[in-house]
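S.K.: my questions concern the predicted model and sequence given below.
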Amino acid sequence: MGKGIFADKDFQEDELVLRDRMLVGAQHVSNKVDSFVCSFCCRFIGSIELQIGRRLFLHGESMRNRAKECEAEKSTCCSQSELVAKSTNLEENGDGVADHNTIEDSCSDKHSKTRTCIPEGVVESLLNGTLKLPYSERFPLPTVINCIGGCSEEYYCSTSCAEGAWETFHSLLCTGEGSLCKNKDELRNFKQHADETNDIFHVAAQVISMIILKIKREKQNLHEDFNWSKVLDIWEPFAMGYKRQWWDCVALPDDIDPVEETLFRKEIKDLAWTSLQFLKGAIFEEEYAPFLSLKIYGNIIGMFELNNLDVIVASPVEDYFIYIDDLPHSEKDEAEKITRPFLEELGDDYAACCQGSGFFQLQSCINHSCEPNCKAFKREQDRDGQATLVAIGPIKKGEQVFISYIEEDVPWKERQSLLSDYGFVCKCCRCLQEQRNSS
């Protein structure tokens, strides 16, 4: 496809080959409860206490909401069982009462899961910083910086990240008082729809907002009419990504029968159309209408579908508890008097990392091989959402850099099937050899 990345020097095995800043991306909505990170670079923020307290508080809120739903469900079911009992003249010890008891038992089970050994006052002390955990000062995190526009949805690790997000795309996608958005209600509808369906729409909105804001700045800086040919220069960072319409390139889920593929792809297209209507309602201006067409929207999402990279940032909370566990025996016993209840309350997910997806300009140019010479790998010092690639083996200056788009430790036919979603047939040395061996 005429793209590729080549080594500008010799690299040894395990040596860092590339660090690539995320151009656009987002933390997965489902991950926001467990990981409090910068909305621009995905670095963990606040403090160890805030990370733990926030997670306990939000999980507690979720469980309390489920308990309320259970109470409402029990009340509704009880009313229905009473009506049934009356209509069938059931005795008190009849089937209607048995059903009622079953409902109560079910709700009791749900309520038992909401009990916590951490008092709410203690969680509040973690959140407001009045409770300090032992040795937490050895794991400092950046101070939380609020959104410039005043929304309560995005937070940052530094003023530079807050300003970077604001100038790049967030000023159009902010629901705060300082937002440049035309209709905040429609923007909230867009965000809710993306949260409930596919957070890939958040990233598509970032791309469109980035283009519109760049054009606005260009027009302000010029003393003459804007030359719309400059749009190609503004679009250039995204031109690196291979683009197909999202509904054409998205992989068919395993639970969808192939005979239903046409219907599935129509539903995906309808989903994108609905998302776009909300976004247009929020930020539409007539002169930028071409960027808010379904064709462009589908191409942007398709680009991201085929070129996104998982964003994973290790949790400092995991590092903290590992540190406590490695303390000398006497110090560990003393510290765990305080930390053990929090670790037990967090459970198996205490080490939850930040998870999201991002588009990286250079990474999107790297071609695939089933025998890659590079891999995505986070080193100990890599504590943000930048993509880092390290050499799997020696790479000579001038050699092309390859990664694997798929799990490469599978047979040739399965690899080709997986790669079909990317729109090409792999003809790397390994594939050609295995193809010859199979024929």
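M.R.: Received it, and whenever you're ready, just let me know what you need.
S.K.: any idea how far Cys151 is from Gly46?
M.R.: Distance from Cys151 to Gly46, counting by Cβ to Cβ, to the nearest Å: 18 Å. C-beta here means a position set from N, CA and C on the backbone, and glycine is covered the same way.
S.K.: any chance you could map the helices in the stretch 301-439 of the chain?
M.R.: Secondary structure of the stretch 301-439 of the chain (DSSP state H, counting those that start in this stretch): helices at 316-325, 329-346, 412-419, 429-438.
S.K.: could I get these as TSV with mean pLDDT, mean neighbour count and distance to Phe201?
M.R.: Shown next, in TSV, are the helices of the stretch 301-439 of the chain (pLDDT from 0 to 100; neighbours: other Cβ atoms under 10 Å; distance: least, Cβ to Cβ, whole Å):
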stretch	mean pLDDT	mean neighbour count	distance to Phe201
helix 316-325	96	18	30
helix 329-346	95	14	31
helix 412-419	90	16	25
helix 429-438	91	12	35
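S.K.: any chance of a markdown table for those helices, columns distance to Glu371?
M.R.: Formatted as a markdown table, those follow (distance: least, Cβ to Cβ, whole Å):
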| stretch | distance to Glu371 |
| --- | --- |
| helix 316-325 | 33 |
| helix 329-346 | 41 |
| helix 412-419 | 11 |
| helix 429-438 | 5 |
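S.K.: nearest to Gln386, of the ones you listed?
M.R.: Closest of those to Gln386 is helix 316-325, at 16.9 Å (criterion: Cβ to Cβ).
S.K.: from the chain's centre, how far out does that closest one sit?
M.R.: Taking Cα atoms, centre = their mean, to the nearest Å, the mean C-alpha location of helix 316-325 is offset from the chain mean by 24 Å.
S.K.: cool, and stretch 227-235?
M.R.: Here the centre of stretch 227-235 is set off from its chain's centre by 30 Å, with Cα atoms, centre = their mean.
S.K.: use 405 as the first number for this chain going forward.
M.R.: Sure, I'll start counting at 405 from here, so that last one is stretch 631-639.
S.K.: what's that stretch in contact with?
M.R.: Residues from elsewhere that reach stretch 631-639, judged by Cβ atoms under 8 Å, 6 or more residues apart in numbering: Ile615, Lys618, Ile619, Glu622.
S.K.: run the last query once more with 6 Å
M.R.: Outside stretch 631-639, the residues within contact range by Cβ atoms under 6 Å, 6 or more residues apart in numbering are Ile615, Lys618.
S.K.: over to stretch 755-767?
M.R.: With contact meaning Cβ under 6 Å, 6+ apart, stretch 755-767 is reached by 424, 426-432, 435, 438-439, 441, 446, 641, 644, 708, 712-713, 715-719, 722, 791.
S.K.: mind checking the pLDDT average for that stretch?
M.R.: Regarding stretch 755-767, the rounded mean pLDDT is 92.
S.K.: mind listing what's buried along it?
M.R.: Ala756, Cys757, Cys758, Gln759, Gly760, Ser761, Gly762, Phe763, Phe764, Gln765, Leu766, Gln767 (16 or more other Cβ atoms under 10 Å).
S.K.: now those residues in CSV, with distance to Gly408?
M.R.: Conversion of these to CSV gives the following (distance: Cβ to Cβ, whole Å):
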residue, distance to Gly408
Ala756, 36
Cys757, 31
Cys758, 30
Gln759, 29
Gly760, 26
Ser761, 23
Gly762, 21
Phe763, 18
Phe764, 15
Gln765, 14
Leu766, 11
Gln767, 12
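S.K.: which residue ranges form the helices in the stretch 505-654 of the chain?
M.R.: Taking DSSP H, counting those that start in this stretch as the test, the helices found in the stretch 505-654 of the chain are 524-532, 563-569, 575-577, 588-600, 604-625, 634-643, 650-653.
S.K.: follow-up on the earlier one: which among the helices of the stretch 705-843 of the chain is found nearest to Val663?
M.R.: helix 816-823 (18.3 Å).
S.K.: tell me the angle of the closest one relative to helix 833-842?
M.R.: 130 degrees (axes from the mean of the first three to the mean of the last three Cα atoms, to 10 degrees).
S.K.: and the contacts of helix 816-823?
M.R.: Counting by Cβ under 6 Å, 6+ apart, residues outside helix 816-823 touching it are Cys774, Ile810, Cys830, Cys835, Glu838.
S.K.: gap between that helix and the chain center?
M.R.: Distance of helix 816-823 from the chain centroid (Cα atoms, centre = their mean) equals 27 Å.
S.K.: only alpha carbons, please: show that helix as PDB.
M.R.: What follows is helix 816-823, C-alpha atoms only, in PDB (Å, rounded to 0.1, in the frame of the first residue of the first chain):
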ATOM      1  CA  TRP A 816      -1.200 -20.500   8.000                       C
ATOM      2  CA  LYS A 817      -4.900 -20.900   6.900                       C
ATOM      3  CA  GLU A 818      -6.100 -19.400  10.200                       C
ATOM      4  CA  ARG A 819      -3.700 -16.500   9.900                       C
ATOM      5  CA  GLN A 820      -4.900 -15.700   6.400                       C
ATOM      6  CA  SER A 821      -8.500 -15.800   7.600                       C
ATOM      7  CA  LEU A 822      -7.800 -13.400  10.500                       C
ATOM      8  CA  LEU A 823      -5.900 -11.100   8.100                       C
END
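S.K.: mind checking the SS state of Arg423?
M.R.: strand (DSSP: H, G, I helix; E, B strand; the rest coil).
S.K.: that one contacts Asp788, correct?
M.R.: No - with contacts counted by Cβ atoms under 6 Å, Arg423 stays clear of Asp788, the gap being 9.9 Å.
S.K.: neighbour-wise, which of the two wins?
M.R.: Using other Cβ atoms under 10 Å as the criterion, Arg423 and Asp788 rank with Asp788 on top: 21 against 13.
S.K.: contact partners for that one?
M.R.: Residues in contact with Asp788 (Cβ under 6 Å, 6+ apart) are Cys445, Cys446, Arg447.
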